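Novice: Here is the input, now give the coordinates:
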Amino acid sequence: MDERLRFIARLLEGEKMAPLCREFGISRVTGYKIYERYKACGLEGLNDRSRRPYRHANKLPYQVERTILGIKKEYPSWGAPKIRDKLTRELPMIRPPAVSTVHAVLDRNALVKRRMRRRHKAKGTELRAAHAPNGLWCADFKGEFILGSKQYCYPLTITDYRSRYLLACEGLTSTRSEFAFSVFERAFRDFGLPGAIRTDNGVPFASPNALFGLSKLAIWWLRLGIQIQRIKPGCPQQNGRHERMHLTLKKEATKPASFNLLQQQERFDRFTAVYNHERPHEALGGAYPGDIYTPSARAYEPPAEPEYPFHDKAIRVTHCGRICMGQRKFNLSTVFAGQVVGIREVDDQVWLVSFLDFDLGYFDQQEGRVEPAPNPFRPEKVSTMSPE
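Specialist: Numbers count the residues shown, from 1 in each chain. Okay, the predicted model is just below:
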């Protein structure tokens, strides 16, 4: 209001409209509008006016809203669809509101019980040791460090739990899953498939925002028949053998850092050869890891599409992580994009979503997303995930 008051005061003192509008940075149309409002309403006309519309074309009449609340009070267990049908019978002369409008009325009056979405909180899984090579692999990113070229290096390492054999030590420019995919695929081709892989709960091994913390990498492992093991958050000692290797790697291959990634990778390759075939290991009785390790008998092959003979249908998840049924789309998770899941109706208009042998969750026609089922990877249910 202060600016408008100064504008009007100077206008009343005799200043011209055009230069005054230029000085205040407004158009002459706006200037004349302010002046006309002042002449009509005085100083009150200079106050900010409400931008609320004069009328609400689709606003529900007060009487109808009270009727909705009355029906809900009489029948507390009824939802918006039944209340709408009852309202239509009691007041046939009015245009029936939409179900969503009835639901909004109930929601505004705190008469809707909101369903809280259960979120995954990383807790780790049951951990089982392996007594033979390839029963369990351990993987992790050693902490990033800066090369001489000021580029970050993220070493991804994979070891065999039983023999301590260093299967891969690859310097990457990022922890993105596509880079990790290539490293693991090369390891699978060279050494075969393990029974399980143990990691922490970080990216790309797990995804904090997806169902049960699954990531695209973990889903690929499951399709290959590899079980997943995750250590408890904040407990790196549960992957102690691998962390001990990282300490040796840091001392012998990263200090000082090389100038660029190619030079650093050459040092990693040299360290791998020495670690596997020249460095005696106390826990192995002085033997080299290469003396004990043998490749897996399970050869790597791209996984076949899963089949669901005991489900009603198999559906491919869209690239945006949705399940499409007819005209409806239900949010699942983008980590399942492109994967085939099984759908089975377990109740009237209620469907169960499964991936491989794991039940992921349920959806119905009212909700546009999949509500998680009990976590199939929680510690008390993962004994079958670890190798014997």
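Novice: Run through this structure and note the low-pLDDT ranges.
Specialist: For the chain, the stretches with pLDDT under 70 are 1, 48-59, 100, 113-126, 367, 379-388.
Novice: care to break it down by domain?
Specialist: Following automatic domain parsing, one gets these domains for the chain: 2-46, 62-108, 137-292, 313-385.
Novice: how about the helices in the stretch 101-250 of the chain?
Specialist: Along the stretch 101-250 of the chain, counting by DSSP state H, counting those that start in this stretch, helices occupy 177-191, 216-223, 240-253.
Novice: Could you single out the most deeply buried of those?
Specialist: Of those, the one with the most neighbours on average (mean count of other C-beta atoms under 10 Å) is helix 216-223, at a mean of 21. The C-beta positions use only the backbone N, C-alpha and C, and glycine is treated the same way.
Novice: Can you check what angle separates that helix from helix 177-191?
Specialist: Using axes from the mean of the first three to the mean of the last three C-alpha atoms, to 10 degrees, the direction of helix 216-223 lies 30 degrees away from that of helix 177-191.
Novice: Using CSV, write out every CA atom in helix 216-223.
Specialist: Provided in CSV are the C-alpha atoms of helix 216-223 (Å, rounded to 0.1, in the frame of the first residue of the first chain):
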residue,chain,number,x,y,z
LYS,A,216,18.6,-53.4,-10.4
LEU,A,217,21.8,-55.1,-9.6
ALA,A,218,20.3,-57.3,-6.9
ILE,A,219,17.3,-58.2,-9.2
TRP,A,220,19.8,-59.3,-11.8
TRP,A,221,21.6,-61.5,-9.3
LEU,A,222,18.3,-63.1,-8.2
ARG,A,223,17.4,-63.9,-11.8
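Novice: what's the offset of that helix from the middle of its chain?
Specialist: Mean C-alpha position of helix 216-223 versus that of the full chain (C-alpha atoms, centre = their mean, to the nearest Å) differs by 15 Å.
Novice: do the same with stretch 160-177
Specialist: 25 Å.
Novice: Surely residue 268 and residue 156 touch.
Specialist: No - contact criterion C-beta atoms under 8 Å: residue 268 and residue 156 do not qualify, at 10.2 Å.
Novice: what is in contact with the two at once?
Specialist: 169-170 (C-beta atoms under 8 Å, 6 or more residues apart in numbering).
Novice: the strands in the stretch 151-300 of the chain, which residues?
Specialist: 152-160, 166-172, 196-199, 227-230 (DSSP state E, counting those that start in this stretch).
Novice: want to throw these into CSV with mean neighbour count and distance to residue 353?
Specialist: Formatted as CSV, the strands of the stretch 151-300 of the chain follow (neighbours: other C-beta atoms under 10 Å; distance: least, C-beta to C-beta, whole Å):
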stretch, mean neighbour count, distance to residue 353
strand 152-160, 21, 31
strand 166-172, 23, 33
strand 196-199, 24, 25
strand 227-230, 24, 19
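Novice: Would you mind saying which of the ones you listed lies nearest residue 39?
Specialist: For those, proximity to residue 39 was assessed by C-beta to C-beta; strand 152-160 is nearest, at 67.7 Å.
Novice: Partner strands of that closest one, with direction?
Specialist: strand 137-141 (antiparallel), strand 145-146 (antiparallel), strand 166-172 (antiparallel) (DSSP bridges).
Novice: Okay, angle between that strand and helix 240-253 too, please.
Specialist: 130 degrees.
Novice: I'd like the numbering to begin with 15 instead of 1 from here.
Specialist: Sounds good: first residue 15 from here, last item strand 166-174.
Novice: re earlier: so can I have TSV of the strands paired with strand 166-174 showing distance to residue 336?
Specialist: Shown next, in TSV, are the strands paired with strand 166-174 (distance: least, C-beta to C-beta, whole Å):
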stretch	distance to residue 336
strand 151-155	30
strand 159-160	40
strand 180-186	31
